[in-house]
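# Let's see this in three dimensions:
(chains A and B)
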Amino acid sequence: MELVCPAGTPASLHAAVDAGADVVYCGFRDATNARNFPGLNFSRDELRNAVEHAHKHDVHVYLACNTYPQAGIEHIWHAAIDDAVAIGVDAIILADIGLLRYARDRHPDARLHLSVQASASNEEAIKFYHREFAVRRVVLPRVLSLEEIAYLNSRIPVETEVFAFGGMCVMAEGRCSLSSYATGESPNMNGVCSPAAHVRYEERDDMTVSRLGDFTINIYDQDEKVGYPTLCKGRFRAMDKSGYLFEEPTSLDVTGMLPELAKAGVTALKIEGRQRGKAYISQVVSAFRASLDRIAQGKLAEQTSLNTLSEGQSDTTGAYRRGWQ
Amino acid sequence: MTKSRLIMGPVLFHWDENRKRDFYAQIADETDIDTVHVGEVVCAKRMPFFDKHLPDVIERLQRAGKEVVLSTLALVMNSRENALINEITQMPDLLIEANDISAAGLLADRPHVIGPYINIYNESTFSYFESRAAKRISLPWELPLSSISQLCETRKSAEIEVQVFGRMPLAISARCYSARAQGLHKDGCRYVCGEQLDGMEVATLDDAPFLAVNGLQTLSNHYVELSDNIGELQDAGVSAFRLSPHSLDMMEVAQLYRQLLDRKIDAGELRRNLQEMPLQMAFSDGFLHGLPGAELRSTLGQRAE
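Sure, this is the predicted structure:
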């Protein structure tokens, strides 16, 4: 399986290449990608240099252009696609149908991948994107079980890429307006979820309150580790009980199921985290490289020691195991 | 200006059979509603409960002169649901609403409705669906008025629809949060989502109303209420207005919006009447104004929530 690794900066891209990535994915420094965070992402020149460096090491580069253009300013996204093709990236990751059509019409030879933000979670949807826009690969939404992925792979004419490690949306990606309900900014429109500009921490007696926009997302006792207030990982009150209604603050880690994913016909594994630093990227990519190499030699993957890097320091296999639902 | 179409959206909640049958029977007798959606959008597990009544319900509504639209699932996750979409989209003589790309792709050669769960944010995507036989396009809840206006300018033939009343669907998941809140798994959910007619109230730890859970779906706590901007929407070119069903008297709600669309009452009067109805509702219109969706700009003389 191909190892697809994140890079939010040129330094992270170098780290990923050194640590054994097969592919590095990144985005331009604007609203055209789903990690539109301050201080992150690549200028045109930086991407050009990055592609040159990666190609020298036989590593591919994918460009994520996976937000939904707002009406009236589609040209910003069109320019991102044109420039990525000119720079020579190996694939462009898209979600919006208007952009898929633009890319297919203008750049018939470009390799197009369907972003997880398109939420193509079933055979008919994937066949549609293949038929209409000749996408070659689909990044599967984190709503499918391993059995469902295996079945899909037996039915569709395109490659699949699945999330292997990192932050985990519990909602179907690209179908979620929770962030904009609280802050006015969403993954689809702005490339951000629960953006930092809307986050506040308040001390209250002996507790720390984390807030997003006007809403309290969590309240921590002194002995609890304070986390970032990602909306769906918050503690809320329902049915006279308080708790993590949607999901605990956990991260995804599929190390233990790599052989099963390979057997299910998955082409590529994706590490989440373009917002992470290069030390994190090095550590995660190296661990996955080692696991994949062991499996390639017919050995079992050892459980990695990555859980100290996980959000909330616990991890889950998410929807891949049906028990999660 | 063409006459505005008033639409009763699909029932998003797991109401019991009798409640749903009564609901559709009332609509059949109600002249203010032009179009009514039937069908399950949120969870395939609920479908067997009402599928047996659907042919009768559809027939009765059509006989009463209503345009009937069969809405389909917003999240299609396995081979069984995929087969279901294939089956539904082959049903003849019925207008079908696609809420996932699977259905949209299969409906491309016949008139259909593109539902608000399909991501349409810009002119190119709008035109794509319009050129593929979408006769009406219901826009996502998140769109600001500036985007809606741009899409109206792009429009060639499709009607443009906006939801003007009811809780807004914000997210959908493989996981059932109604079941999870009661310590249950989706496979053994005991259909606890049916216990709350308008969804399970979710508050922050500071007891501020925040969200409403409806099985796999998470909705806003606040009810979108766009009466104060309906004139602007009409002027921009929006011609279809969706009410999302709740447990209050939806016929009275429909009557109010009909009068507003026909400019017989104003937004203030509509809002006052809504507030007197026996259901605790906080209103919002933030998305339309490019603000957080939970915010309310048009307070119409009422206390802001």
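
# neighbours of A:A11, just the number please.
By other CB atoms under 10 Å in any protein chain shown, the residues close to A:A11 number 12. Every residue, glycine included, has its C-beta placed from N, CA and C.

# Check for me that it belongs to a helix.
Yes: assigned with DSSP: H, G, I helix; E, B strand; the rest coil, A:A11 falls within a helix.

# Contact partners for it?
Applying CB atoms under 8 Å, 6 or more residues apart in numbering or on different chains, we find A:A11 in contact with A:K278.

# so how far is chain A from the residue lying closest to B:R190 once chain neighbours are set aside?
Nearest residue to B:R190 in three dimensions, chain neighbours excluded: B:L184, at 6.3 Å (CB to CB, 6 or more residues apart in numbering or on different chains). Here the criterion is CB to the nearest CB, to the nearest Å. By it, B:L184 lies 11 Å from chain A.

# could you pull out the strands for chain B?
Assigned by DSSP state E, the strands in chain B fall at B:5-8, B:35-38, B:67-71, B:95-98, B:112-114, B:134-138, B:159-172, B:200-203, B:209-214, B:217-225, B:240-243, B:283-284.

# Turn the ones you listed into CSV, columns for mean neighbour count.
Converted to CSV, those look like this (neighbours: other CB atoms under 10 Å in any protein chain shown):
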stretch, mean neighbour count
strand B:5-8, 24
strand B:35-38, 23
strand B:67-71, 21
strand B:95-98, 24
strand B:112-114, 28
strand B:134-138, 22
strand B:159-172, 24
strand B:200-203, 19
strand B:209-214, 25
strand B:217-225, 25
strand B:240-243, 22
strand B:283-284, 24
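
# Let me know whether the residue nearest to B:R190 touches B:V192 as I believe.
Yes: if you go by CB atoms under 8 Å, B:L184 and B:V192 touch, sitting 6.6 Å apart.

# more crowded one of those two?
For the pair B:L184 and B:V192, the greater number of neighbours falls to B:V192 (19 against 15), based on other CB under 10 Å.

# Low-confidence bits of chain A, can you list those?
Applying pLDDT under 70 to chain A picks out residues A:301-305, A:307-314.

# what residues go with each domain of it?
Listed by automatic domain parsing, the domain ranges of chain A are A:2-168+A:250-324, A:178-243.

# Just send those domains back as CSV, with distance to B:S147 too.
Formatted as CSV, the domains of chain A follow (distance: least, CB to CB, whole Å):
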stretch, distance to B:S147
domain A:2-168+A:250-324, 4
domain A:178-243, 9
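
# I'd like to know which of those domains is closest to B:V253.
Ranking the domains of chain A by proximity to B:V253 (CB to CB) places domain A:178-243 first, at 22.3 Å.

# check contacts around the residue nearest to B:R190.
Residues counted as contacts of B:L184 (CB under 8 Å, 6+ apart) are B:176, B:190, B:192.

# at 10 Å instead, please
B:176, B:178, B:190-192 (CB atoms under 10 Å, 6 or more residues apart in numbering or on different chains).

# Give the full set of residues in contact with B:T154.
Neighbours of B:T154 in contact, by CB under 10 Å, 6+ apart: A:71, B:122-127, B:130, B:160, B:237.

# quick one: which of these is nearest to B:Q275?
Of all the contacts of B:T154, B:Q275 sits closest to B:I160, with 28.5 Å by CB to CB.

# The closest one reaches B:G237, doesn't it?
Yes: if you go by CB atoms under 10 Å, B:I160 and B:G237 touch, sitting 6.2 Å apart.

# Can you pull the residues that touch both of these two?
Jointly contacting B:I160 and B:G237 under the rule CB under 10 Å, 6+ apart are B:148, B:151-152, B:154.

# got the residues of the stretch 201-305 of chain B near chain A?
For the stretch 201-305 of chain B, the contact set with chain A under CB under 10 Å from any CB of the partner chain comprises B:201-213, B:216-222, B:284, B:286-287, B:289-295.

# and the closest residue to chain A within the stretch 101-250 of chain B, what pLDDT?
Nearest residue of the stretch 101-250 of chain B to chain A: B:S124, at 2.7 Å (CB to the nearest CB). On pLDDT, B:S124 comes in at 98.

# Phi first, then psi, for the closest residue in space to it that isn't next to it in sequence.
Nearest non-adjacent residue to B:S124, counting by CB to CB, 6+ apart: A:G98, 2.7 Å away. The phi and psi values for A:G98, taken as degrees, to the nearest 10, are phi -60, psi -40.
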